[in-house]
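[1] sequence and predicted model, in that order:
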Amino acid sequence: MKLSDLAKYKNIVIQCHDVPDADAIASGFALQSYLRSLGADAALVYGGYADITKPSLTMMLSMLEIKIKRIDRLPADINLLVTVDCQRGAGNVQNFELPDAAGVIVLDHHRPEIPDGENILIRPYLASCSTLIWDLLNNEGYRMDDKVATALYYGLFTDTNGMSELRHPLDRDLAEINSNIGLIKKLKNAAITVEELDIIGETLGKREIINSIGVFSAEECDANLLGFTSDIAQQVAHIDCCVVYCAQPHGLKLSVRSSAREIMASEIAAFVCREVGNGGGNIEKAGGFMSYKKIVEHAGDISPHDYLISRVMAYSINYDMIYADNNTIDFGNMPVYQKQPIPVGFALSADIFPEGTKITIRTLEGDIDTVTGSNIYLMIGIEGEVYPIMREKFEASYSISDMPYTEEREYRPAILNRLNGERKIILPYAKTCVPKDTKLVRAKMLEKDTKVFTNWDTEKYFTGVAGDYLVANEGSYSDCYIVRSDIFAKTYFSYTV
């Protein structure tokens, strides 16, 4: 979908969901600004029963000069309706009567609630609609001014519990955009009313502690308030992780914080929501949602609160812990496997940024922090996964091929310069290599979910689930790591002497 194609319409209306939040407003405002730059007339509206009154939102409208209007009918001369952060026909957006000749375009990031169609673009893997609009504007080469950039940043900020639930690399890219930090601080500090302050106080008194994990129950409130509450709860001594939740009409909304290196907030959020919803975020901050309907389907007659408590309890006792530089695993008695000669990609980190540059490798699986150097290569696996490897190990394990590397994935792996924010795609620097027949490893299938702290980063771990493989290079058993079961099956075969 090309946004520039929309400029051919004369009378465009951009509709947010009822009582719009910051993400919906930002998405509509950015799209409106772009269309107006092309000379198209685009109005920004919403329906529903109430005006926008939240302090942070009224300040956002004023400071960024956003003109949005609540309406009870669409203009008679409309010829294109674009819904942002919602889907026409869904329950959270007023389904205004539309002239037969008018077109409809849907731009959203929530789960699809309407049949797919040619003019429907829904990306549920993104954390915000602002991310979707930002990506589309970048594809058009649109130079966003400070107001548009700040609006999109704040839209992502509010939809991710203060950047704690960044799901996709594009979300993380938008989080790096230059914005008006002073205004963002003002908006953050205008987010709570006196009534909401009372909710926070009551929430902190409703708690259960499970093996250093605190669970707090709140009244129904928005995601930001849950985030503020969990920030406070996490400062309590002897609580390594906290889960703050509130009941919403269709399920439980969760906000998670962690201060222990053995517990990633994103991981516990995903664990407790597994099979009944979704959860994610980053190492210290995350969030999630648990559907009432799915809880019943999965666990039967149990209260949502009791189910959440049972999942937190299960998480607290679920994992084995392995520290690569200090483990007693008997790799010598494990089966030997050889890597199949499947061409994969690699790049020299110092070719992308000068040697010694602090970088973040941005991949679908998450972020890896390291430093560029002539001895650090970046591997690109068969599923597009990226990981660093030392030059000596690379030369011992792979042969360089003359074939160009042309693999394209959903997200093009990128490197971010942590000092100045410059972002570069890895693929233009990538070459092809093939595993040597001397590439041998010891491996065993995990019988239990396992956390492994690798030699690359002693403060972060990789998680394997039962069925994945614990792997160590032959002759270097301290350098152990996790390989996902499907990737292991595609890339290794049993080795016989």
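    Sure, I can see it.
[2] how close does the residue nearest to Ile120 when sequence neighbours are not counted sit to Val93?
    Leaving aside its chain neighbours, Ile120 sits nearest to Val106 (4.4 Å; criterion: C-beta to C-beta, 6 or more residues apart in numbering). From N, CA and C alone the C-beta is placed, and that goes for glycine too. To Val93, Val106 is 10 Å away according to C-beta to C-beta, to the nearest Å.
[3] residues in contact with the helix or strand containing the residue nearest to Ile120?
    Using DSSP states H and E, Val106 maps to strand 103-108. For strand 103-108, contacts defined as C-beta atoms under 8 Å, 6 or more residues apart in numbering pick out 1, 6, 9, 27, 31, 79-88, 98, 114, 117, 119-123, 129, 132-133, 136.
[4] hang on, the earlier thing: burial count for the residue nearest to Ile120?
    23 (other C-beta atoms under 10 Å).
[5] could you chop this structure up by domain?
    The chain breaks down by automatic domain parsing into domains covering 3-188, 194-314, 319-336+440-497, 342-436.
[6] could you dump these to a markdown table with mean pLDDT?
    Formatted as a markdown table, the domains of the chain follow (pLDDT from 0 to 100):
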| stretch | mean pLDDT |
| --- | --- |
| domain 3-188 | 91 |
| domain 194-314 | 89 |
| domain 319-336+440-497 | 85 |
| domain 342-436 | 86 |
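[7] ok, now which ones touch the residue sitting nearest the centre point of the chain?
    With distances taken as C-alpha atoms, centre = their mean, Arg167 lies nearest the centre of the chain, 0.7 Å away. When contacts are counted by C-beta under 8 Å, 6+ apart, Arg167 touches Tyr125, Leu126, Ala127, Gly280, Gly281.
[8] separation between it and Ile482?
    Going from Arg167 to Ile482 by C-beta to C-beta gives 21 Å.
[9] over to Asp402?
    Taking C-beta to C-beta as the measure, Asp402 falls 32 Å from Ile482.
[10] between these two, which has more neighbouring residues?
    Neighbours were counted for Asp402 and for Ile482 using other C-beta under 10 Å; Ile482 has more, 21 against 6.
[11] what about the helices in the stretch 201-350 of the chain?
    Taking DSSP state H, counting those that start in this stretch, the helices of the stretch 201-350 of the chain run over residues 223-233, 265-273, 292-299, 304-316, 349-352.
[12] residue boundaries of the strands in the stretch 351-497 of the chain?
    Applying DSSP state E, counting those that start in this stretch to the stretch 351-497 of the chain gives strands spanning 358-363, 366-371, 376-380, 386-390, 398-404, 414-417, 423-425, 431-435, 440-445, 450-453, 461-464, 469-473, 476-483, 492-494.
[13] can you tell me which of those strands comes nearest to Val276?
    Comparison of these against Val276 by C-beta to C-beta identifies strand 461-464 as nearest, at 19.3 Å.
[14] what's that closest one packed up against?
    Applying 3 or more C-beta pairs under 8 Å, 6 or more residues apart in numbering; DSSP states H and E, one finds that strand 461-464 contacts strand 450-453, strand 476-483.
[15] tell me the angle the longest one makes with strand 386-390.
    Spelled out, it's strand 476-483. Using axes from the mean of the first three to the mean of the last three C-alpha atoms, to 10 degrees, the direction of strand 476-483 lies 170 degrees away from that of strand 386-390.
[16] and the longest helix for this structure?
    For the chain, the helix that runs over the most residues, judged by DSSP state H, is helix 22-37.
[17] so Thr357 sits against Thr372, correct?
    Yes: counting by C-beta atoms under 8 Å, Thr357 does reach Thr372; the two are 4.6 Å apart.
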